[in-house]
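A.B. asks: How does the following fold in three dimensions:
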Amino acid sequence: MIGIGKAFEFSIPLWFMSAYLILRLDAVGYKLRTMKKEARASRLIGWINVVLGILALIGSWFI
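C.D. replies: Residues are numbered from 1 along each chain as shown. This is a model prediction of the structure:
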């Protein structure tokens, strides 16, 4: 069974990779198609993933 420390080790890179892909591909694609609400939502979700990745990274140091 995987402990919580191992779960953080796997999830941190996933949060950062998904944030990068959302911010670079999704948000830019919506902006080019002039879909303002979708671009804003995509950027918000991307930055939420960045924050979750940072929090998980900091949390993994204490677990």
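
A.B. asks: Report the central residue of the chain.
C.D. replies: Among the residues of the chain, the one closest to the centroid is residue 49, at 2.4 Å (CA atoms, centre = their mean).

A.B. asks: That one and residue 15 touch, don't they?
C.D. replies: Yes. Look at residue 49 against residue 15 with CB atoms under 8 Å: they come within range, at 5.0 Å. C-beta coordinates here come from the backbone N, C-alpha and C atoms, glycine included.

A.B. asks: Distance-wise, check residue 19 relative to residue 61.
C.D. replies: 20 Å (CB to CB, to the nearest Å).

A.B. asks: out of these two, which sits in the more crowded spot?
C.D. replies: A direct count of neighbours by other CB atoms under 10 Å for residue 19 and residue 61 places residue 19 higher, at 20 against 7.

A.B. asks: In whichever helix or strand residue 42 is part of, which residues are buried?
C.D. replies: Per DSSP states H and E: residue 42 is located in helix 36-62. The neighbour-count check on helix 36-62 (16 or more other CB atoms under 10 Å) flags 39, 42-43, 46, 49-50, 52-53, 56-57, 60 as buried.

A.B. asks: That concludes my questions; thank you for your assistance.
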